[in-house]
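Asker: Fold the following, please.
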Amino acid sequence: MKIRALLPFLLVGAAACDSAPDVAAKPDWKAYSDAYIEATFKADPYFAVYQGRHEYDGILPDWSKAGIDVEIARLKTALADANALDTSGFSDAQRFERDYLVAVTRGRLFWLDTARWPYRNPAFYTGAGLDPSVYITRPYAPLDVRLKAFVKYANAIPAAAEQIKANLAGPMPRTYVDYGLAAFNGYADYFETDVKTAFAEVTDAALQQELAAASAAGAKAMRELAAFMESKRAGQTEDFVLGPDVFAAMVRETEGVDISLEELERIGEADLKRNQAALRSACDKLAPGKAIAECMAVVTSDKPADGPVAEARRQLPDLKAFLVKADLVTIPGTEEALVEESPPFNRQNSAYIDIPGPYEKGLPSVYYISPPDPSWPKDVQDGFVPGKLDLLFTSVHEVWPGHFLNFLHANRAKSQFGKVFVGYAFAEGWAHYTEELMWEAGLGNGDPATHVGQLSNALLRDCRYLSAIGMHARGMSVEQSRQMFRDQCYQDEGNALQQSARGTYDPAYLNYTMGKLLIRKLREDWTATRGGRKAWKAFHDEFLGYGGPPIPMVRKAMMKEAEAKAVF
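Answerer: Model prediction:
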């Protein structure tokens, strides 16, 4: 997915020394928090652009070692200042925001200073600055204005590519080499072909000449970066592992979940077994006497004749109508999401949504669906195309009432922090939670094939959860992960290949299931004294109103508990 502020390794900054204002005995919290947000935007202009702050258009982060060191120092200073604040005169909302600021800062420091992601992982760069789609697909300004922004961005790519090469100097895992080749060659292809088409309506000959030169320079730099990745092939390794201590620190520092890996693993195994049992029950109704794989094939073989993009466009109005009728959550605003095929540089996942930031006005969100990798065998490509019911719950996840609805609420949050900083486990946990929610609320009217579609998505996320722990803390190989996706979660070969590889460079993808389980438990506890099922809508509205902080923080606020803790 490509949602603002969700990628787990964001926000390396330009070499700016701005930080929060000096700590005062009784600080003006709004001024303080506003200064933190502005310092973040200055440090990470790419993040600012995706939030809708277009004065930063075309500026790439400083990925030199010096620039990274400056950003680490800025974050450490901001963290120390925030922890030193006298909050005795703060309201509850202000204390919550201070804790939110601390959590955001700790998470960023983890990826930069502890995991050392810029020096290890090419996916860091695709998630933190290289993606040009904001200038092309998001109509925030007239086309000629966006063309100028793209030219500025493309002209900055050669220098950025040199910084990336310097940072990724050591040997890399095979999956990282594969990822980098696909991403960087994808950018080059895009610059050489699609960009010209995207800006074809601009009639200014001088601007078109600038575009051609900048696109060529950007494409050349990306080809050279891809060649650099290919040069790593001879020395490629399988050494992508964070290790148990760093993995536990990731979960604690980025999501506020401070429990043992043994307990974390037990929770994931229990959810896998729960969903496997539900799948067996559904298959007993749908295909009595058949094996699980044969039952799944009944559902996955029912593919849309005109492709998944057209099918998803048909699904969205029906999903919204069901959501309104079931009265599960408030739908603020009248915005709708578009559906398009993913661009070639961003097909590492089967589907994602791009949602305008809180500083944008009146712009569409776009739900993207990826075609299969053309290098795969024909049967693997065919298997990758989702069946209608599998796709139905992907559409739930991405749009109604998943990510799209989450951000309709987040963009209207009372807290500016809630608008700007939406975390991985909150957003992906909510989106995944809504798949089961919609089934529980009656989507499909009890149809076992529909249930199989929901459970296929749930099992995919269970295997992500267990692969993340397994590969980074338990010695699981990529091949063992692939086999688990196939045998335990009943995924097609294309998804199994894609998802096992993703776990090496996105270890935080356990957040889908982890976030879902935290939300389910919070719903159970919060509604227990408020009418149970009748209180679901009130629960969802209040939960989404926080924006996107670590879920243990939301639990503390909603349950009036003394400490923020993870309860599953």
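
Asker: buried sites along stretch 84-102?
Answerer: Neighbour-count burial for stretch 84-102, counted by 16 or more other CB atoms under 10 Å, picks out Leu85, Phe90, Gln94, Phe96, Glu97, Arg98, Asp99, Tyr100, Leu101, Val102. Using the backbone N, CA and C atoms, a C-beta is placed for each residue, glycine as well.

Asker: Can you redo the residues you listed as CSV, where the extra columns are pLDDT and secondary structure?
Answerer: Formatted as CSV, the buried residues of stretch 84-102 follow (pLDDT from 0 to 100; DSSP: H, G, I helix; E, B strand; the rest coil):
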residue, pLDDT, secondary structure
Leu85, 95, coil
Phe90, 95, coil
Gln94, 96, helix
Phe96, 96, helix
Glu97, 96, helix
Arg98, 97, helix
Asp99, 97, helix
Tyr100, 97, helix
Leu101, 97, helix
Val102, 98, helix
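
Asker: now the helices: where do they sit in the stretch 151-300 of the chain?
Answerer: Using DSSP state H, counting those that start in this stretch, the helices of the stretch 151-300 of the chain run over 174-189, 195-198, 205-231, 244-255, 261-286, 292-300.

Asker: so what does the first one touch, helix or strand wise?
Answerer: By that I understand helix 174-189. helix 123-125, helix 205-231, helix 493-505 (3 or more CB pairs under 8 Å, 6 or more residues apart in numbering; DSSP states H and E).

Asker: Give me the distance from the following helix or strand past the last one to the chain's centre.
Answerer: Beyond helix 493-505 on the C-terminal side, the first helix or strand identified by DSSP states H and E is helix 511-527. Distance of helix 511-527 from its chain centroid, counting by CA atoms, centre = their mean, to the nearest Å, is 18 Å.

Asker: what's the answer for stretch 478-486, then?
Answerer: On CA atoms, centre = their mean, the centre of stretch 478-486 falls 22 Å from that of its chain.

Asker: want to try TSV for the helices and strands packed on helix 174-189, with mean neighbour count as columns?
Answerer: Shown next, in TSV, are the helices and strands packed on helix 174-189 (neighbours: other CB atoms under 10 Å):
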stretch	mean neighbour count
helix 123-125	25
helix 205-231	18
helix 493-505	23
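
Asker: Phe110: which of those helices is closest?
Answerer: helix 123-125 (12.8 Å; CB to CB).

Asker: who does the helix or strand just after that closest one touch, helix- and strand-wise?
Answerer: Note on helix 123-125: by DSSP H and E, the next helix or strand toward the C-terminus is helix 133-137. Helices and strands touching helix 133-137, as assessed by 3+ CB pairs under 8 Å, 6+ apart, comprise helix 143-167.

Asker: Kindly calculate the angle that the helix it packs on makes with helix 205-231.
Answerer: Interaxial angle of helix 143-167 relative to helix 205-231 (axes from the mean of the first three to the mean of the last three CA atoms, to 10 degrees): 20 degrees.

Asker: Nearest residue to Asp382 in space, please, no chain neighbours.
Answerer: Nearest residue to Asp382, sequence neighbours excluded (CB to CB, 6 or more residues apart in numbering): Pro372, at 7.8 Å.

Asker: So that neighbour lies in a strand, does it not?
Answerer: No. Pro372 sits outside any strand when classified using DSSP: H, G, I helix; E, B strand; the rest coil, being coil.

Asker: Unless I'm misreading it, it sits right up against Pro386, doesn't it?
Answerer: No. Using CB atoms under 8 Å as the test, Pro372 is too far from Pro386 to be in contact (10.4 Å).

Asker: Domain-wise, how is this structure divided?
Answerer: 29-231, 248-256+302-559 (automatic domain parsing).

Asker: was I right about Trp376 contacting Gly383?
Answerer: No. With contact defined as CB under 8 Å, Trp376 does not count as touching Gly383 (9.0 Å).

Asker: quick one, which of Pro372 and Pro386 is more surrounded?
Answerer: Using other CB atoms under 10 Å as the criterion, Pro372 and Pro386 rank with Pro386 on top: 27 against 19.

Asker: residue contacts, the spatially closest residue to the more buried one that is not a sequence neighbour?
Answerer: Once flanking residues are discounted, Pro386 sits nearest to Pro308: 5.7 Å by CB to CB, 6+ apart. Contact analysis of Pro308 by CB atoms under 8 Å, 6 or more residues apart in numbering lists Ile369, Val385, Pro386, Leu391.

Asker: Buried only: go through the residues you listed for me.
Answerer: Ile369, Val385, Pro386, Leu391.

Asker: Wait, the third one touches Ser350, no?
Answerer: Yes. Because the distance of 7.1 Å satisfies CB under 8 Å, Pro386 is recorded as touching Ser350.
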